[in-house]
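> got a sequence here, can you model it:
(3 chains)
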Amino acid sequence: MCLGVPGKVIAIQPDPNGMTMGKVSFAGIVKDVCLAYVPDVQIDDYVIVHVGFAISQVDEQEAMKVFEYLAEMDELAELEIAQPGGA
Amino acid sequence: MTTNTPDLLTALSCPIPISDYPTVLMAHGGGGSLSQMLIERMFLQAFDNPTLELMHDGAVINLPPAMSEENQGEGTRLAFSTDSFVVNPLFFPGGDIGSLAVHGTVNDLAMCGARPLGLSAGLILEEGLPMDDLWRVVQSMQGAAQKAGVSIVTGDTKVVDRGKGDGVFINTTGIGLIPAGVHVSPLRAQPGDLVLINGDIADHGIAIMSMREGLEFETAIESDSASLNDLVEGVLAAGGEHVHVLRDPTRGGVASALNEIAQKAGVGVQLVEKQIPIQEQVRGACEILGFDPLYVANEGKCIAIVAPEAADEVLAAMRAHPLGENAAIIGEVVAEHPRRVFMRSRIGGLRVVDMLSGEQLPRIC
Amino acid sequence: MKFIDEYRNEAEAQQFVRLIHEVTTQPWTLMEICGGQTHTIIKSGIDRLLPSEITLVHGPGCPVCVTPLELIDKAIAIARRPEVIFTSFGDMMRVPGSDADLLSIKAQGGDVRMVYSPLDAVKLAQQNPERQVVFFAVGFETTAPANAMAVWQAKQLGLDNFSILCSHVLVPPAMEAILGSPLNLVQGFLAAGHVCAIMGYWEYEPIAEKYQTPMVVTGFEPLDLLQGIAMTVQMLEEGRWGVENQYSRAVTREGNVPAQNLMKQVFRACDRPWRGIGVIPASGYCLRAEYAQFDAAERFDVSGIETQESTICIAGEIMQGLKKPHECPAFGTLCTPEKPIGAPMVSSEGACAAYYQYGRIMNPS
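Numbering: from 1, shown residues only, chains lettered A, B, ... in the order given. Take a look at the predicted model:
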């Protein structure tokens, strides 16, 4: 369910009636996307787009967490190797 | 006179149970498993003969040695192929229905290892088609034929009522001559062979789809539509007998073409996702449409299945050609999992690359 | 592509695979809720990289799979009407109703069109004031804000020729139905990242607590899935439960508040039947009274259509992880991807279709 693809916001057309539209680029492919649900979004921000709607803004810092998690696990494993038998 | 239905027709019941598919669906022409079912259960059954049975891109007809001038002991072999073209829009980035119709049949001949001798063109025109559009299409056919070094030597035109056609439908049929010493056939794929392709996949299907769906591009995606006979000559010159199979992955894409070969030859195929060349924008378009580029059509691509000892030479020959700059080795033929295609994914997992049952539909899922 | 490619990296994927192997000491059964996650798992071959102790059960999070037969029959009845332009996401086009699917209605002359966004359907209604445009509004919480916006906009524009056939379903009641079953086998959940992007995950906390089950909100790329599995197994191995968030780059605890607000304005919770599972209380959305004029089921009076689900198909038990597809009496005989009885055989990521392929690999014939 719910194919969502991250893309970069390259244009915002605010609409006083509440349905802000914009253009989002996916590796060079530009689509008209409804931005009404990401009111704080700025040009160059990344959003996740589902059926023509931005449903979420990608948090660039949080995006690194996957790799930080692996690094932490690695450190833990090294600690365990360094102290055989463990605490 | 009483109604006298020919006995033969009543005796043969439709081999595709009416209860399954009372009408023809788009997927019956989509190049996937429904197309395959239609061909195998209806056409092969009705037309039953060993040449058709091979289900190659074209038929190879052996002329008795007496008929040929330079028979070199094995008689003249003619390749014979036909293809019909229905495409909407008629003009698309990188081509149009006219050049596509020439490329398609030239390529089917080339996939038999043949040099094209001549083409026929059958045009079905819709009433109301602007004469100017028709002229553009015809000019484009001639341009493509000239480039491929082949002439359109016979033809036919019919006009149908407005609303009964999509502007222009074109059928092209071609004959070509297979040089002595060239033996390409899907049956020759064997374990150990390497699978090569002459460049980026999925360009044609995405170029068409994006026109239809109104996708905008920062730089346009163009169809790869092109005649491959010149490239194939280079491939055959470099690989000779070691070139076992040639196939153009058109409708149904690389996945369907390789599945057909695997089934015919009774071998397995293993692809490596990382090595399959694809343009960044095309990949992006596939992501947003929910498409798998392995199933998207190509019109200027050639899969070559080659013995390992000749793979480097064939790859170099492809890369030396303007239509093969991004050529790559994308997998190998294996003895394991016969009749199935697998792929090693980007993360190193193994997945089945199956035959699609219908046309690929954009998904939200 | 940024935020895609870095999550498909082999080195890091293999690190996660090693980690999962290290932490797993006993058998665990996990369910990924979402069909999109199933798709990634199969496409990147994650299922074959995991330790044999870990069983992944493909959950009910596939709108195609859970839309009841009766509603598809209603859709087909509406799509057959000459005044109607019936619009749908590509996914639903091939799902079999009692005697047809939407693609075959198109083949019979029905005006059935594929759209990428419900807003495209609204646009069609504006462009075709003399026709009735109906949108098949299926989906989970992720799609509901888009469909709510379409209805809201149609009302603003005063469009009286636009309506939706609504079949919205919700994840938490389905999770509770699975966990509350006395036969339940699922020990941990990968919650659906994009559903949570809209709804947040606070709703899941009481469920995780009540059933003492770990749940990890998980994204859709291979590294996301692998990390989600690693985190869930770690919680299970340590005897912990609760909700953790792997997909923090797109999901917050409270979710997308503006989207939730419009959904509340347009929809109300209602009981919904799920294909093969039956009615789950308060498990879907219906249009509120203020928007009832946009309800296609009312406008075209299809309430008389009542369809019994196939008694052979055990899709419900399969989607709850209670039975394996090959335990179904119709599996591979009456029910195949070409001619599916139940929805999990329709989509390539459906559990039954996946097993069908796998079975053929084990016994190629």
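> so in chain C, which strand runs the longest?
Ranked by residue count, the top strand of chain C under DSSP state E comes out as strand C:278-287.
> next structured bit after it?
Under the assignment DSSP states H and E, the closest C-terminal helix or strand after strand C:278-287 is helix C:296-299.
> quick one: average pLDDT of that next one?
With pLDDT averaged residue by residue, helix C:296-299 scores 95.
> who are the packing partners of it?
The criterion is 3 or more Cβ pairs under 8 Å, 6 or more residues apart in numbering or on different chains; DSSP states H and E, and the helices and strands that helix C:296-299 contacts are strand C:132-139, strand C:162-169. For the C-beta atoms, the positions are set from N, CA and C on the backbone; glycine is no exception.
> next, see if the longest strand of chain C gets close to chain A.
No - counting by Cβ under 8 Å from any Cβ of the partner chain, chain A has no neighbours in strand C:278-287; the shortest distance is 13.9 Å.
> who's in contact with that strand?
By Cβ atoms under 8 Å, 6 or more residues apart in numbering or on different chains, the list of residues contacting strand C:278-287 from outside reads C:144, C:151, C:164, C:166-170, C:173-174, C:177, C:263, C:266-274, C:294-295, C:316.
> please list only the buried members of those.
By neighbour count, with 16 or more other Cβ atoms under 10 Å in any protein chain shown, the contacts of strand C:278-287 hold C:144, C:151, C:164, C:166-170, C:173-174, C:177, C:263, C:266-267, C:272-274, C:294-295, C:316 as buried.
> work out for me the element residue 72 sits within.
Using chain A here. Per DSSP H and E, the secondary structure element for A:Glu72 is helix A:65-82.
> chain C, not that one
Following DSSP H and E, one finds C:Ile72 within helix C:69-79.
> with only the CA atoms kept, save that helix in PDB.
What follows is helix C:69-79 as a C-alpha-only set of coordinates in PDB (Å, rounded to 0.1, in the frame of the first residue of the first chain):
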ATOM      1  CA  LEU C  69     -15.900  -8.500  -3.800                       C
ATOM      2  CA  GLU C  70     -19.300  -6.800  -3.400                       C
ATOM      3  CA  LEU C  71     -17.700  -3.400  -3.800                       C
ATOM      4  CA  ILE C  72     -15.900  -4.400  -6.900                       C
ATOM      5  CA  ASP C  73     -19.100  -5.700  -8.300                       C
ATOM      6  CA  LYS C  74     -20.700  -2.300  -7.500                       C
ATOM      7  CA  ALA C  75     -17.800  -0.600  -9.200                       C
ATOM      8  CA  ILE C  76     -18.300  -2.700 -12.300                       C
ATOM      9  CA  ALA C  77     -22.000  -2.000 -12.300                       C
ATOM     10  CA  ILE C  78     -21.300   1.700 -12.300                       C
ATOM     11  CA  ALA C  79     -18.500   1.500 -14.800                       C
END
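> give me the number of residues near B:Pro64?
As a burial measure, the neighbour count of B:Pro64 was computed by other Cβ atoms under 10 Å in any protein chain shown and equals 9.
> show the pLDDT at it.
If you check B:Pro64, the pLDDT there is 75.
> how many neighbours does B:Lys147 have?
Using other Cβ under 10 Å, B:Lys147 is surrounded by 16 other residues.
> per-residue confidence for the residue nearest to it when sequence neighbours are not counted?
Nearest residue to B:Lys147 in three dimensions, chain neighbours excluded: B:Ser227, at 6.3 Å (Cβ to Cβ, 6 or more residues apart in numbering or on different chains). For B:Ser227, the pLDDT comes out at 98.
> for B:Ser227, what are its contacts?
When the contact criterion is Cβ under 8 Å, 6+ apart, the partners of B:Ser227 are B:Val102, B:His103, B:Val106, B:Asn107, B:Ala110, B:Ala144, B:Lys147, B:Ala148, B:Gly300.
> the second one belongs to a helix?
Yes - counting by DSSP: H, G, I helix; E, B strand; the rest coil, B:His103 is part of a helix.
> okay, it and B:Val168: tell me how far apart.
Between B:His103 and B:Val168 the distance, using Cβ to Cβ, to the nearest Å, works out to 16 Å.
> any idea which residue sits dead centre in chain C?
Of all residues in chain C, the one closest to the mean position by Cα atoms, centre = their mean is C:Cys62, 2.2 Å from it.
> could you give the number of residues near the nearest residue to it once chain neighbours are set aside?
The shortest distance from C:Cys62 to any residue other than its chain neighbours is 3.2 Å, reached at C:Gly35 (Cβ to Cβ, 6+ apart). Other residues within reach of C:Gly35 by the criterion other Cβ under 10 Å amount to 30.
> phi first, then psi, for the residue of chain A found nearest chain C.
Here the residue of chain A nearest chain C is A:Gly52; by Cβ to the nearest Cβ that distance is 2.8 Å. Its backbone dihedrals place A:Gly52 at phi 80, psi 10, with angles given as degrees, to the nearest 10.
> wouldn't it be in contact with A:Asp32 here?
Yes - using Cβ atoms under 8 Å, A:Gly52 and A:Asp32 qualify as a contacting pair, with a distance of 7.3 Å.
> so between these two, which is more surrounded?
Neighbours around A:Gly52 and A:Asp32, counted as other Cβ under 10 Å, are more numerous at A:Gly52. The numbers are 21 against 18.
> check contacts around the more buried one.
Residues in contact with A:Gly52 (Cβ under 8 Å, 6+ apart) are A:Lys31, A:Asp32, A:Val33, A:Cys34, C:Tyr116, C:Ser117, C:Pro118, C:Leu119, C:Asp120, C:Ala146.
> how about those residues, which pair is most distant?
The distance between the two most remote of these (Cβ to Cβ) is 14.7 Å, for A:Lys31 and C:Pro118.
> settle it for me: which of the two has more neighbours?
Neighbour comparison, A:Lys31 and C:Pro118: the larger count goes to C:Pro118, with 29 against 21 (by other Cβ under 10 Å).
> can you count the residues close to the nearest residue to the more buried one once chain neighbours are set aside?
When the adjacent residues along the chain are set aside, C:Pro118 lies closest to C:Ala150, with 3.6 Å between them (Cβ to Cβ, 6+ apart). Other residues within reach of C:Ala150 by the criterion other Cβ under 10 Å amount to 28.
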